[in-house]
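**Q** Build me a model from this:
(one chain, ligands or ions: 1)
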Amino acid sequence: MASLKNVGRSLARCTLQSVARGPHIQSVRCRAAAPAVNVRPVDDEPAAPMVKTAIPGPRSKELLRDLESIQNSEAVQFFVDYDRSHGNYITDADDNVLLDLYTQIASIPIGYNHPNLMAVMQKPENLGHFINRPALGVFPPKDWAEKLRKTLLAVAPPGMSEVQTMACGACSVEHAQKALFIAYKARQRGGAPPTKEELSSCVMNQPPGSPDLSILSFKGAFHGRTMGALAVTHSKAIHKLDFPTPLWPAASFPELRYPLEDFVQENRAEEERCLAEVRDLIEIYQKKGRPVVGIAVEPIQCEGGDNHATPYFFQGLQDITRENSIGLLIDEVQTGCASTGKFWAHEHWNLREPPDTVSFAKKMLTGGFYYREQYRPKEGFRIFNTWVGDPAKVTLLEEVVKVIKSQNLVTNMANIGEYLQQGLKDAQTKFPGVVKNARGLGSLCSIDFNNSATRDKAILALREKGIHVGSCGDVAIRLRPTLIFQKKHADVFFDCFDSVLSSFK
Ligand code: PSZ
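**A** As a prediction, this is how the structure comes out:
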């Protein structure tokens with residue numbers, strides 16, 4: 001109950017120890033004649049938000065009391081009627097209809113109850129995938145390779161042709177990390193099998209079988225909450241408190257000034273500083289006897305506050321991994337699947353070669369990671385668990401990929417992203433004392449408030465008007481619209497945003 005009364009407090013509490021960041025705007029590039037976008041309207045999508053009660057309303061509060069008798073439900077914001085949510089609009093348990101720019105923490109690709117996905121659920125030939133969840137690593141369905149080709153491989157990052165499915169995002173990051181460790185040790189052994197001593201010591205968490213190795217990550221990063229993923233997560237204390245995570249190096253992530261194009265020199269110097277820190281840490285940890293086997297990085301630090309870096313930084317990181325013969329893990333759990341105006345955010349960087357591993361989840365519906373050939377383990381059962389994913393989710397993804405391609409939704413995200421970013425820039429011009437640092441890449445955009453309290457108040461004020469957005473970092477609100485978000489939806493958002501900001505002036 002307490003949390004529903006105090007959503008603001010709860011939001012504030014989640015910033016126990018966040019890293020304040022500088023703002024950045026990604027420049028919008030000119031595109032060659034893009035294919036026409038043809039976003040088909042979703043049946044039953046409301047035309048506008050409609051708010052009838054406080055949110056959470058009486059029914060949500062009642063349901064919360066019930067849930068709280070079973071588990072800690074402090075994080076719950078409101079209960080949802082998923083059957084009555086359509087397209088870009090979410091309907092809560094009290095019949096309030098909200099335009100959803102947060103989309104289940106950026107994880108609904110083509111809106112609620114998309115008709116094509118409803119149809120997939122009803123096809124008799126798909127039922128087996130939904131009813132019988134297999135142990136994919138040992139007993140895959142007969143059409144599994146074909147399904148992977150039609151889905152994950154059809155949208156694979158350029159130059160990557162191998163993929164491993166997993167369940168959630170953290171699990172995907174964690175197994176990608178394991179692929180880096182396995183490849184590193186395999187290289188060291190030069191083709192020789194592990195020694196008897198390695199095999200017996202690893203079972204007891206002892207060297208040499210359980211070696212002292214590390215993965216370098218960045219301050220402000222979020223990669224998930226399982227222990228390996230948590231070891232490279234540094235965004236908030238609430239994620240980390242009480243867990244014995246290993247002491248691995250964390251470098252500064254660039255704190256850039258915005259708009260990026262106005263501060264090219266300063267930002268270049270800041271990125272050089274961070275790259276130098278990465279180089280130093282690799283050397284220090286080598287000397288310490290805890291060598292770095294890879295670097296994990298998000299294309300945009302999302303949970304940490306939507307912190308951007310430029311292609312120069314990521315190219316530099318890749319150079320460092322090449323110089324040191326270590327792996328690069330690009331975590332695209334939040335940035336992947338078209339929202340940045342390219343299918344994968346790292347496609348914006350013109351890397352010299354593909355990254356070594358790319359993790360995904362959220363809008364991809366299944367977790368997993370792509371990897372380069374040298375990161376394929378030589379033995380079975382090394383990257384493995386009972387389910388290693390779920391064909392039911394990949395069956396849905398097949399339709400999502402079809403819709404993305406047939407309606408040119410990647411281009412839609414580039415176009416709507418430009419519109420959203422411009423709207424945010426206009427807002428900061430109109431309300432300079434209230435908001436600043438409008439920034440984004442495609443539709444994945446955000447804006448900062450002067451402090452956390454005002455940001456939290458804005459989120460609640462927007463919700464009262466029927467607009468659902470998310471927070472990130474200490475002072476930002478972030479927009480994470482569906483891939484079928486259009487100008488008409490953006491206009492609804494901006495009308496309400498303008499009125500909330502006017503009330504703060
Ligand atoms: O509080 C949480 O646990 C949240 S709030 C947002 C996320 C998690 N994002 C998940 C995420 C991510 O954004 C990146 C870049 N990498 C990994 C993850 C972990 O994914 P899940 O939550 O599926 O384990």
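**Q** Where does the stretch 351-500 of the chain get nearest to the ligand, which residue?
**A** Closest to the ligand within the stretch 351-500 of the chain is Ala361: 4.5 Å, counting by C-beta to the nearest ligand atom. No exception for glycine: its C-beta is placed from N, CA and C like everyone else's.
**Q** ok, the closest residue in space to that residue that isn't next to it in sequence - how many residues close by?
**A** Counting by C-beta to C-beta, 6 or more residues apart in numbering, Gly169 is the residue found nearest to Ala361 once chain neighbours are left out, at 3.5 Å. The burial metric for Gly169, expressed as a neighbour count using other C-beta atoms under 10 Å, is 27.
**Q** which residues touch Gly169?
**A** The neighbourhood of Gly169, defined by C-beta atoms under 8 Å, 6 or more residues apart in numbering, consists of 223-224, 229, 333-334, 359-362, 367.
**Q** My guess is Thr103 contacts Pro481. True?
**A** Yes: applying C-beta atoms under 8 Å as the test, Thr103 and Pro481 come out as touching, 6.7 Å apart.
**Q** Counting neighbours, go ahead and name the busier of those two.
**A** In this comparison of Thr103 against Pro481, neighbours counted by other C-beta under 10 Å, the higher total goes to Pro481 at 28 against 24.
**Q** Spell out the secondary structure type for Ala438.
**A** Put simply, Ala438 is strand when judged by DSSP: H, G, I helix; E, B strand; the rest coil.
**Q** Chain neighbours aside, what residue packs nearest to it?
**A** Setting aside the residues directly before and after it, Ala438 is nearest to Leu424 in space (C-beta to C-beta, 6+ apart), at 3.6 Å.
**Q** Same question for the helix or strand hosting that neighbour: list its buried residues.
**A** Leu424 belongs to helix 409-430 when elements are defined using DSSP states H and E. Neighbour-count burial for helix 409-430, with 16 or more other C-beta atoms under 10 Å as criterion, is recorded at 409-421, 423-425, 427-428.
**Q** And stretch 69-78, by the same measure?
**A** Buried positions in stretch 69-78, judged by neighbour count with 16+ other C-beta under 10 Å: 73, 76-78.
**Q** Kindly report the same for stretch 289-297.
**A** Applying a neighbour-count criterion of 16+ other C-beta under 10 Å, the buried positions in stretch 289-297 are 290-297.
**Q** which residues are in contact with that stretch?
**A** 173, 177, 180-181, 183-184, 212-218, 221, 223, 232, 247-249, 278, 281-282, 285-286, 314, 317, 320-321, 324, 326-331, 356.
**Q** what residues does stretch 394-407 touch?
**A** Identification of contacts with stretch 394-407 by C-beta under 8 Å, 6+ apart yields 37-40, 109-110, 114, 116-117, 119-120, 126, 129-130, 147-148, 150-152, 154-155, 165, 338, 363-366, 409-410, 483-484.
**Q** swap in stretch 263-277?
**A** In this structure, residues lying in contact with stretch 263-277 by C-beta under 8 Å, 6+ apart are 24, 251-257, 260, 309-310, 312-313, 316-317, 320.
**Q** now stretch 472-480, how far from the centre of its chain.
**A** Using C-alpha atoms, centre = their mean, to the nearest Å, the mean C-alpha position of stretch 472-480 is found 13 Å from that of the whole chain.
**Q** May I have that stretch as PDB, with CA atoms only?
**A** Taking Å, rounded to 0.1, in the frame of the first residue of the first chain, the C-alpha atoms of stretch 472-480 are listed here in PDB:
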ATOM      1  CA  CYS A 472      16.300   7.100 -15.700                       C
ATOM      2  CA  GLY A 473      19.400   8.300 -13.800                       C
ATOM      3  CA  ASP A 474      18.800  11.100 -11.300                       C
ATOM      4  CA  VAL A 475      17.000  13.700 -13.300                       C
ATOM      5  CA  ALA A 476      15.900  12.400 -16.700                       C
ATOM      6  CA  ILE A 477      12.600  11.200 -18.200                       C
ATOM      7  CA  ARG A 478      13.000   8.800 -21.000                       C
ATOM      8  CA  LEU A 479      10.800   8.100 -23.900                       C
ATOM      9  CA  ARG A 480      10.600   4.400 -25.100                       C
END
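**Q** hang on, the earlier thing: do me a favour and average the pLDDT over the helix holding Leu424.
**A** Averaging pLDDT along helix 409-430 gives 98.
**Q** Equivalent analysis for stretch 74-92, please.
**A** 98.
**Q** Need the distance between the two termini of stretch 194-207.
**A** Distances were taken as C-alpha to C-alpha, to the nearest Å; on that basis the terminal residues of stretch 194-207 are 12 Å apart.
**Q** buried residues in it?
**A** Neighbour count says stretch 194-207 has 198, 201 buried, by 16+ other C-beta under 10 Å.
**Q** Now do it: everything it contacts.
**A** Contacting residues not belonging to stretch 194-207 are listed as 185, 208-210 [C-beta under 8 Å, 6+ apart].
**Q** Name the nearest residue to His489, ignoring sequence neighbours.
**A** Closest residue to His489 apart from its sequence neighbours, by C-beta to C-beta, 6+ apart: Asn88 at 5.2 Å.
**Q** And the strands in the stretch 51-200 of the chain, which stretches?
**A** Defined through DSSP state E, counting those that start in this stretch, the strands belonging to the stretch 51-200 of the chain, from first to last, are 89-91, 97-100, 162-166.
**Q** Strand partners (parallel or antiparallel) of the longest one?
**A** When you say that, I think you mean strand 162-166. On the basis of DSSP bridges, the sheet neighbours of strand 162-166 come out as strand 367-371 (antiparallel).
**Q** His129 against Pro140, yeah?
**A** No: in terms of C-beta under 8 Å, His129 does not count as a neighbour of Pro140; the distance is 11.4 Å.
**Q** Which of those two has more residues huddled nearby?
**A** His129 (21 against 16).
**Q** got the contact list for the more buried one?
**A** Under the criterion of C-beta under 8 Å, 6+ apart, the contact partners of His129 comprise 141, 391-392, 394-395.
**Q** Okay, the nearest residue to Ile90 once chain neighbours are set aside and the ligand: tell me how far apart.
**A** Leaving aside its sequence neighbours, Ile90 sits nearest to Asp100 (C-beta to C-beta, 6+ apart; 4.3 Å). In this view, Asp100 and the ligand are 15 Å apart by C-beta to the nearest ligand atom, to the nearest Å.
**Q** got a list of what Asp100 touches?
**A** When contacts are taken as C-beta under 8 Å, 6+ apart, Asp100 is in contact with 85, 88-90, 108, 112, 468, 481-482.
**Q** how does it look with 6 Å?
**A** Remark: with contacts taken as C-beta atoms under 6 Å, 6 or more residues apart in numbering, Asp100 is in contact with 88, 90, 468.
**Q** now Lys402, what's its secondary structure?
**A** In three-state terms, and counting by three-state DSSP, Lys402 is helix.
**Q** per-residue pLDDT, it?
**A** The per-residue pLDDT reported for Lys402 equals 98.
**Q** next one: Ser3
**A** Confidence at Ser3, expressed as pLDDT, is 40.
**Q** Give me the neighbour count for the residue nearest to His489.
**A** Neighbour count for Asn88, taken as other C-beta under 10 Å: 25.
**Q** Help me confirm that it comes into contact with Lys487.
**A** No: in terms of C-beta atoms under 6 Å, Asn88 does not count as a neighbour of Lys487; the distance is 11.9 Å.
**Q** what about Leu230, which helix or strand?
**A** Under the criterion DSSP H and E, the helix or strand holding Leu230 is helix 227-231.
**Q** And that helix, what does it pack against?
**A** In terms of contacts (3 or more C-beta pairs under 6 Å, 6 or more residues apart in numbering; DSSP states H and E), helix 227-231 is packed against helix 169-189.
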